[in-house]
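1. Output the structure for:
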Amino acid sequence: MSDDKELKEIITTSQPQIDAETSTIPQNQFKNEDQNNSSSNQEPNATIKFLLFPMNQIVTFAFPISIQVNDLKKKISSELKMEPSNLKFSLTNEMQTYLEDDSKKLWEYGAEANGIFQIKVESIDQKAYPLKPYEPKEKFQSPDVITVQVDLGNNQLKEIIVEIERASNRKPFLGGYRNRQTSTEFLNASTQTKRPQKLDNGIQKFCRDTQTIVSNHVKLQTRQDMSTQMTKPGLFVSRIDDRLLTPKPYQTAEQRLSIIEKNVVIIQKYFRRWLAKRKFNLLKLAYEQRVAWEKDKENQRIRDIELRRQNDINRRLKPRTRDDFEILYAALEKWRLEEIEKINATKTGASRKAALAMLVDQEAELIATIERYKIEANKENKEKNIQILLEKMSQPKIWKAKDGSTTELDTPYNIRARELKDIYNSLNMNFLTQDERLDVLLTLKHTVKEHDCKLTQEIIALIDREADLLMRGIKEENLVGLRKRIVSLFLQYIKTPQFNPSAARHLKVPQDINEKIESFYCSTCQRYLASTEFQISSSSSKVGKCRSCRNLENLALKRVDYTKFKFMLTRIQQEEQSYNTYSRICFLLTERDIQYMFETIWNSQSILSSNNDIYQLHFVRWKKDEEWSPWNTVLLTLDEAESHLKLTNLDLSYGDQFVKKIKQKHVMARNYFNKLPNISEYLTRKQSQDDFRLPSLTGIKI
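-> Numbers count the residues shown, from 1 in each chain. Prediction:
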């Protein structure tokens, strides 16, 4: 491979190979050539290197020098999977001679026996018939071969085809050297010849006896030669560094053993002291952590109480929801009862009647103030509800997969709803310039023009009127009423399923007259309402009053705050959802049922600690493995409930009297909620029947 070109050479074992690095030959062709060589040596081969242009890929094959160009094209085209007529050959010399005559043989173009001959392969039209890179066949399908000339002497040469076995293992690194000037690395290579196998002489060499050293332990007293030097005539030795050694008293074995035991006792004493100190430090750390945890928990409880109190104050100062007004009316009723108690305790006769009359006037003023707050809240909630409705209409369809990923699909209906929502929000925008307002009105006009009816005609007339007034320079303060009419009519346009098909799913009254609606009669407001407008208690035997009449009756007479019982019911339902056991009974209860359980059955306190803080109490399962129900629950604090769920055997954990007390309360709950199991079974049976029904797909054309 040349240094000035970046060429890639393919080596494959599915073709005959002349050179050990570049050529391959097929197995059947190898056999034919072997037979021909054994009979005669009149067909010498040449190594042909084909340069595939323009990818500059070199593919090496071995062919006889007497092969014609036409046959050569056929064989190369079969390897490249192309037609022979779409290829053209040329020599890689300076003249770039084309091999146009297909009847000529290779030796006529200069190919020599056992030599290397290069041919450039191109496509006649690279765009119409592109020349693709050559893909070799499976590696190591057949062994590689090379042709070797052997000198037999007397100027006689013989060609021998030698097979090369491809080793599947990686060759070891045998070292090498690097040229310091050119930084070229040269590695030592090894031959492909297998190592000669040693003959088995029948002697077992890999055994335990040959791999184990036999040792013999012998005690020896080594000799150590010492020499001394003393003063003598002719030699003086200094005594400055000499020391006088006095032998100590003789020590017996028993005395030495007693000293060792004494030291061992001292070491054990200090070691046991260290163990005790470490245990004390661990207990101290555990105690400090426990105290810190209890302190943090107490601080968290205080913060929760303060946050709940502050939230309650904010809800009373600025009520926005129905629950907020229930809290206000409950506080009003509590204040009224306290004032009546004070009046009855301090006054009698005419003064008592006058004080009660004044109390009624004050109550009326407070009710009027609350109603004013309710009107303001309704105004704010109205726009929020409209935005929530528009957002629901424009939401795409969402599917959730098993792995947690979601898939969203935009339909023509929700795209239409999203466009109408953008126009509605643009109409409600303030501080727009005259050109921007006219642009919004023009967009609205083109949108409603798609349908011709009385509603759209009225909207178009109002749009033209506002545009005319804007062009005349009328102030925006004088256009407030006109703009409200346009927004109101356009909202009615959005809620019409004929113009916005997504609105059909969010209307209380279905547009299909054949669709059956289950409705009931409310004797209080004397209206027929859908079944969803009635809240059926578990102990009721008939439908009764609708939700609005019940709320109105509560505000007028009882004034009970059900928000805390809603909080307890929501906590129960969330915990049951975490079990994934398809619990049903807890979703059939209402806040009035929780109130009866809390106040009547469980006496408004924890059965263990008598804690009466409703926000710290929780109805937890009595038997953890069974579904939650009023006859399988116990009222405990949050900490007690967490410890209770860790118990495995309730009879051994609690006393007999305590268990009997719990079972007695379960009997009371079962007698009061005796209809719940039948309702649960009915809903389960109805759901199983609905699963076999095919869903109906309906569409509205716009």
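2. Ranking helices and strands of this protein by mean pLDDT, which lands last?
-> strand 8-10 (a mean of 35; mean pLDDT, DSSP states H and E).
3. any idea where the helices of the stretch 1-150 of the chain begin and end?
-> Ranges of helices within the stretch 1-150 of the chain are 27-39, 69-80, based on DSSP state H, counting those that start in this stretch.
4. between those helices, which gets the lowest average pLDDT?
-> Of all the helices of the stretch 1-150 of the chain, helix 27-39 carries the lowest average pLDDT, namely a mean of 41.
5. Go ahead and flag the most central residue of the protein.
-> Centroid-nearest residue in the chain, with CA atoms, centre = their mean: Gly404, separated by 6.2 Å.
6. Look at it and tell me its secondary structure.
-> The three-state assignment at Gly404 reads coil, by DSSP: H, G, I helix; E, B strand; the rest coil.
7. Do you know the pLDDT at it?
-> Gly404 is given a pLDDT of 77.
8. Ala530 bridge partners, please.
-> As for beta bridges, Ala530 partners with Ser519 under DSSP bridges.
9. Against Glu326, how distant is it?
-> Separation of Ala530 from Glu326 (CB to CB, to the nearest Å): 23 Å. All C-beta atoms are positioned from the backbone trio N, CA, C, and that covers glycine.
10. higher neighbour count, the two?
-> Glu326 (21 against 13; other CB atoms under 10 Å).
11. That one against Lys564, yeah?
-> No - counting by CB atoms under 8 Å, Glu326 sits too far from Lys564 to count as a contact (10.3 Å).
12. how about the helices in the stretch 601-702 of the chain?
-> 638-644, 650-653, 656-672, 676-690.
13. do the stretch 301-450 of the chain as well
-> Counting by DSSP H, counting those that start in this stretch, the helices of the stretch 301-450 of the chain are 322-346, 349-394, 412-427, 434-448.
14. Which strands or helices does the last one pack on?
-> Yep, that's helix 434-448 we're talking about. Other elements packing on helix 434-448 under the criterion 3 or more CB pairs under 8 Å, 6 or more residues apart in numbering; DSSP states H and E are helix 412-427, helix 454-471, helix 480-494.
15. For Gln149, which residues count as its bridge partners?
-> Bridge pairing for Gln149 - DSSP bridges - gives Glu159.
16. ok so, going back, which stretch in the helices of the stretch 601-702 of the chain is the model least sure about?
-> helix 676-690 (a mean of 61).
17. which residues in the stretch 151-300 of the chain form helices?
-> According to DSSP H, counting those that start in this stretch, the helices that the stretch 151-300 of the chain contains are 208-211, 253-317.
18. Distance to Val150 added to those helices, as TSV?
-> As requested, the helices of the stretch 151-300 of the chain are arranged in TSV below (distance: least, CB to CB, whole Å):
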stretch	distance to Val150
helix 208-211	46
helix 253-317	86
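19. Could you look over those helices and pick the most buried one?
-> helix 253-317 (a mean of 10; mean count of other CB atoms under 10 Å).
20. Give me the angle between that helix and helix 349-394.
-> Taking axes from the mean of the first three to the mean of the last three CA atoms, to 10 degrees, one finds that helix 253-317 is oriented at 100 degrees with respect to helix 349-394.
21. And helix 253-317, what does it pack against?
-> helix 322-346.
22. just the helices and strands packed on helix 434-448: most buried one?
-> helix 412-427 (a mean of 17).
23. mind checking how far that helix is from the chain centre?
-> Per CA atoms, centre = their mean, to the nearest Å, the displacement of helix 412-427 from the mean C-alpha position of its chain is 32 Å.
24. So which other helices or strands are in contact with it?
-> Using 3+ CB pairs under 8 Å, 6+ apart, helix 412-427 is in contact with helix 349-394, helix 434-448, helix 480-494.
25. Mean pLDDT and distance to Arg290 added to the helices and strands packed on helix 434-448, as CSV?
-> As requested, the helices and strands packed on helix 434-448 are exported to CSV (pLDDT from 0 to 100; distance: least, CB to CB, whole Å):
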stretch, mean pLDDT, distance to Arg290
helix 412-427, 91, 56
helix 454-471, 92, 71
helix 480-494, 92, 61
